[in-house]
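Asker: how would this look folded up:
(one chain, ligands or ions: 3)
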Amino acid sequence: MSTYRVMVFRLLIFAFAFQFAGFAGAEYQYVRQGAAGDGSDWSNALPQLPSVLSRGFTYFIAGGSYPGYAFDDAVSGSATITICKASAEFHGTNSGWAASYGDESAVFTGGLTFISGYYLLNGQTGGGPGAWNKGHGIRVAPPAGEKFGIALKGGAAKYVTIEHVEIDMSSASPTELAGKADAIYSVSDNDSLTLRQCWMHDAGRCLILDRSSDNWLVEYCLFENSGTWASPSNHSEIISAFSDIADQVTDPNKSWVIRYNIFSRWRSTGGIIFTGDGWRIYGNVFEFPAGFESSCGNGVIGTWTQKTTWSDGFNKNHFIYNNTFVNIVGTMSEADIYPGSQVCTNTQIRNNLWYNCPTVKSLGGIDGQHSHNSFFNCPRAFVISEAGMQNETGNPLNQLSPLEYHLNRPTAPGVDLGAMYNDMLGVVRGMDGCLDRGAYEYRDMVLPPPQRLRTITK
Ligand SMILES: [Ca+2]
Ligand SMILES: [Ca+2]
Ligand SMILES: [Ca+2]
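Answerer: Ligands and ions are numbered 1, 2, ... in the order given. This is a model prediction of the structure:
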């Protein structure tokens, strides 16, 4: 990504943070490892989050080490409790402040559990384009044997927002015995979670496991290395979602948006494996680094095999647009979409791009409607039949960094899906006359220099 684009992106994020900083009437408390005060300023900080938090308060937390925590405060309308990593720019009072409090990350050494709703957990820094795997202000790193990094439980953990947080499951999953650990674990029907600019990695099982929740927004996150202890008795996915009640029709996973993320290195069942109603998966990159192989039978995006208790008709209205799939190497169906047997209706797969995926051969195994997808160096793609298909050799990608694959040329034109599907950097699709396929729009033109404003005289 160009320095300019990183700068524009950070300015947008900063503008958002500044707006938040200007929120009037907020009450602040301060938390710092090793302190012994009442939380009134940085000199008198609390040593850890208190067991009871107050609605409408912001709890600033300094760099340091903190135990796991359960967020269980009764809700009060939509009043939010904010846990905010302190930074140089935004840390409440200057009384007792030291620059070092902002420099280090705040590390939770145990899992975080949300039993109630309306929380904002904000690391303030790190994540997203140009910083996918670095700089996160908050880090969750549970110990061996912990089954989750962040859990949402009981159906009341609604309207939780998690930003700029790293969830490192490498210590939690050191052995096969302890390997059924998930970075995000949600049971059941915990609606309206937002995950933004987070980094979830090295889980023994899944990076997200959810049952029945609705309206989740997952954007600008890096998902890396799931299923490190995958086995025939320990299946894993990057994202695993379905209803956990007997008949999925009654309470499906509804209306998820998964956009502008990077998914790397997964094992076992497949990538995003779900059933639900109204999922939009667009503008993401799915990649294996060179030398990594994993054979997954259920696809990079796929659905569960139908259970006998599930009625037909609930799995529908999914839109899979403008994703890029890179180097997904294995021996089964690991780069396919919907190789499984689940009934699915009104599902559209368009404007996606595959590069160097040796086994991709199916996009419509469960009634996906697909067109205008591009394949480069995908030797089995010739069996796919669709309108507007591009099937060529060569490498259309420019790998700017290990996880960022932009186009080095325009693709065959995609279909116009509307402004909401612009790319993750905000580039308008087709502004240069060619609406490209894949996650990043290619701009095949040199923008003219800005015009000098003229003085209008009457
Ligand atoms: Ca719900
Ligand atoms: Ca639901
Ligand atoms: Ca273009």
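Asker: following the helix or strand of the chain with the lowest mean pLDDT in sequence, what is the next regular element?
Answerer: Lowest by mean pLDDT, DSSP states H and E among the helices and strands of the chain is helix 3-21, with a mean of 51. Sequence-wise, the next helix or strand downstream of helix 3-21 (DSSP states H and E) is strand 27-31.
Asker: for that following strand, give the mean pLDDT please.
Answerer: Mean per-residue pLDDT for strand 27-31: 97.
Asker: in that strand, which of the residues would be classed as buried?
Answerer: By neighbour count on 16 or more other Cβ atoms under 10 Å, the buried set for strand 27-31 is 28, 29, 30, 31. All C-beta spots, glycine's among them, are computed from the backbone N, C-alpha and C.
Asker: and the second one, how far from residue 246?
Answerer: For residue 29, the distance to residue 246 under the criterion Cβ to Cβ, to the nearest Å works out to 44 Å.
Asker: one step back: near ligand 3, from the buried residues of strand 27-31?
Answerer: With Cβ under 5 Å from the ion as the criterion, the buried residues of strand 27-31 include none near ligand 3.
Asker: low-confidence ranges, the stretch 351-458 of the chain, go.
Answerer: Residue ranges of the stretch 351-458 of the chain with pLDDT under 70: 366-367, 445-458.
Asker: kindly report the residues of it close to ligand 3.
Answerer: Within the stretch 351-458 of the chain, the positions lying close to ligand 3 (Cβ under 5 Å from the ion) are 432, 434, 436, 442.
Asker: give me the neighbour count for the third one.
Answerer: The reference is to residue 436. By the criterion of other Cβ atoms under 10 Å, residue 436 has 27 neighbours.
Asker: could I get the contacting residues of it?
Answerer: Applying Cβ atoms under 8 Å, 6 or more residues apart in numbering to residue 436 gives the contacts 407, 410, 411, 413, 414, 429, 430, 442.
Asker: name the element it belongs to?
Answerer: Residue-wise, residue 436 maps onto no helix or strand under DSSP H and E.
Asker: what about it, distance to ligand 1?
Answerer: Remark: distance between residue 436 and ligand 1 (Cβ to the ion, to the nearest Å) = 36 Å.
Asker: mind checking how far whatever residue of the stretch 201-350 of the chain ends up closest to ligand 1 is from residue 193?
Answerer: Of all residues in the stretch 201-350 of the chain, residue 214 sits closest to ligand 1, at 4.2 Å by Cβ to the ion. Computed as Cβ to Cβ, the residue 214 to residue 193 distance reads 10 Å.
Asker: which one of these two has more residues nearby?
Answerer: residue 193 (26 against 20).
Asker: just give the nearest non-adjacent residue to the more buried one, would you?
Answerer: In space, residue 193 comes closest to residue 216 once its chain neighbours are excluded; the distance is 4.9 Å by Cβ to Cβ, 6 or more residues apart in numbering.
Asker: before we move on, the earlier item: which one of the residues of the stretch 351-458 of the chain next to ligand 3 sits closest to ligand 1?
Answerer: Relative to ligand 1, the closest of those is residue 436; by Cβ to the ion it sits at 36.1 Å.
Asker: gap between the closest one and residue 219?
Answerer: With Cβ to Cβ as the criterion, residue 436 and residue 219 are 20 Å apart.
Asker: and if you look at residue 305?
Answerer: For residue 305 relative to residue 219 (Cβ to Cβ), the value is 29 Å.
Asker: who in this structure is up against ligand 3?
Answerer: 432, 434, 436, 442.
Asker: farthest-apart pair in these, please.
Answerer: Distance extremes for the residues of the chain next to ligand 3: the farthest pair is 432 and 436 at 8.8 Å, using Cβ to Cβ.
Asker: what is in contact with those two at once?
Answerer: 410, 442.
Asker: contact partners for the closest residue to ligand 1 within the stretch 1-150 of the chain?
Answerer: Proximity of the stretch 1-150 of the chain to ligand 1 (Cβ to the ion) peaks at residue 117, 11.8 Å away. Counting by Cβ under 8 Å, 6+ apart, residue 117 makes contact with 75, 156, 157, 158, 159, 160, 190.
Asker: and with 10 Å instead?
Answerer: With contacts defined as Cβ atoms under 10 Å, 6 or more residues apart in numbering, residue 117 is in contact with 71, 73-75, 78, 80-81, 152, 155-160, 190-193.
Asker: do you know how far the residue nearest to residue 282 when sequence neighbours are not counted is from ligand 3?
Answerer: Spatially, and ignoring its direct neighbours in sequence, residue 282 is nearest to residue 321 (4.2 Å; Cβ to Cβ, 6+ apart). To ligand 3, residue 321 is 15 Å away according to Cβ to the ion.
Asker: so residue 321 makes contact with residue 258?
Answerer: No: using Cβ atoms under 10 Å as the test, residue 321 is too far from residue 258 to be in contact (11.2 Å).
Asker: any common contacting residues for the two?
Answerer: 280, 281, 282, 283, 284.
Asker: what parts of the stretch 201-350 of the chain come near ligand 1?
Answerer: Checking the stretch 201-350 of the chain against ligand 1 by Cβ under 5 Å from the ion, the hits are residue 214.
Asker: where does the stretch 201-350 of the chain dip in pLDDT?
Answerer: For the stretch 201-350 of the chain, the ranges with pLDDT under 70 are 339-341.
Asker: thought residue 370 was touching residue 349?
Answerer: Yes: between residue 370 and residue 349 there is a contact under Cβ under 10 Å: 3.9 Å.
Asker: need the overlap of contacts for those two.
Answerer: 320, 337, 338, 363, 364, 386.
Asker: for the fifth one, give me its contacts.
Answerer: This means residue 364. Counting by Cβ under 10 Å, 6+ apart, residue 364 has contacts 336, 337, 338, 339, 344, 347, 349, 370, 384, 385, 386.
Asker: please repeat the previous calculation with a cut-off of 6 Å.
Answerer: Contacts for residue 364 were tallied using Cβ atoms under 6 Å, 6 or more residues apart in numbering; they are residue 370.
Asker: for the last one, same thing?
Answerer: Contacts for residue 386 (Cβ under 6 Å, 6+ apart) come out as 370, 371.
Asker: how much space separates it from ligand 1?
Answerer: In terms of Cβ to the ion, residue 386 sits 35 Å off from ligand 1.
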